[in-house]
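*Asks:* Sharing a sequence plus its predicted fold:
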Amino acid sequence: MSEVKISAEPRTEFGKGGARRTRRAGKVPAVLYGHGEKPKHIALPAREFAAAIRHGGANQLFVIEVSDGTQALALPKAIQRDPIKDTFEHIDLLLVRRGEKVTVDVPVHLTGEAARDTLVMHEQNTLSVSADATRLPESLEVSIEGLEVGSQVTAADVRLPEGVELVADPEQLLALVTQAPSAEQMAAEGEGEPTEAEEEEAGAEGPGAEAEQAEGEAVPAQASNES
């Protein structure tokens, strides 16, 4: 994976108020830590960071050039996002060194097609591996071509690039091939579900029934008040 250079500024404001002001300025609050060094609070340009993550994934390696003249090599360790705005709230960055091995979770993609009339159930989408911090794979692949019902794909089936070691349990289940439901089974499952006409009829009767019930309940309530 290629390295991405990104500029940063030291961050002197902390707390929720400081973080909000940082984000309003188009930056993301972040902290650099690791190797026994004192955590360093910085602010990263939001657009540049987002573009790098979209291209290289969550394990993108950054060369962070801080405006105070320092430079650091780091990997995202934890990324907090706003689920509604889809923006970055805060980033934890782990300091690494060239040649140092780190453990990360890498996305696993299934390739090929299983046998006919089968259904592939995804059990796990990432795999924990160890590799040189400067040579982390963006993703891993494993073939399901021609697999029959009952076949399993485990971590041990994934071919790892040179220099990458498996950290996860080799028996960890990634995917399971099952029998696809037949047309008859799907039709049987559909039985008992209201048709569109029945739903419309029920919808038309519903408000009237509720109104009648409401009227029926209003009489005793008025009688109670009068007494």
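*Replies:* That came in fine, so what should we check first? Quick caveat: nothing in here was measured; it's all calculated off a predicted structure.
*Asks:* correct me, but His122 touches Ala175?
*Replies:* Yes: with contact defined as C-beta atoms under 8 Å, His122 reaches Ala175; the gap is 5.6 Å. Using the backbone N, CA and C atoms, a C-beta is placed for each residue, glycine as well.
*Asks:* Looking at those two now, which is surrounded by more residues?
*Replies:* Ala175 (21 against 12; other C-beta atoms under 10 Å).
*Asks:* Rounded mean pLDDT for the helix or strand where the more buried one lies, please.
*Replies:* Using DSSP states H and E, Ala175 sits within strand 173-179. The predicted model assigns strand 173-179 a mean pLDDT of 96.
*Asks:* Can you name the element that comes right after it?
*Replies:* Remark: after strand 173-179, the chain's next helix or strand is helix 183-190, criterion DSSP H and E.
*Asks:* Quick check: can you list the domain ranges of this protein?
*Replies:* Each domain of the chain is listed here as a residue range: 3-96, 102-184, 196-226, per automatic domain parsing.
*Asks:* Can you flag the weakest of these by average pLDDT?
*Replies:* Averaging pLDDT over each of the domains of the chain puts domain 196-226 lowest, since it has a mean of 46.
*Asks:* Show me the common contact partners of His122 and Ala175, please.
*Replies:* Leu110 (C-beta atoms under 8 Å, 6 or more residues apart in numbering).
*Asks:* who are the neighbours in contact with the residue lying closest to Glu138 once chain neighbours are set aside?
*Replies:* Distances taken as C-beta to C-beta, 6 or more residues apart in numbering place Gly57 nearest to Glu138, at 5.3 Å, with adjacent residues excluded. Contacts for Gly57 (C-beta under 8 Å, 6+ apart) come out as 107, 138-139.
*Asks:* do the same with Leu119
*Replies:* By C-beta under 8 Å, 6+ apart, the residues touching Leu119 are 177-181.
*Asks:* Same list, the residues you listed, but as JSON lines with distance to Arg81 and neighbour count please.
*Replies:* Formatted as JSON lines, those follow (distance: C-beta to C-beta, whole Å; neighbours: other C-beta atoms under 10 Å):
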{"residue": "Val177", "distance to Arg81": "33", "neighbour count": "19"}
{"residue": "Thr178", "distance to Arg81": "33", "neighbour count": "13"}
{"residue": "Gln179", "distance to Arg81": "38", "neighbour count": "12"}
{"residue": "Ala180", "distance to Arg81": "35", "neighbour count": "15"}
{"residue": "Pro181", "distance to Arg81": "36", "neighbour count": "13"}
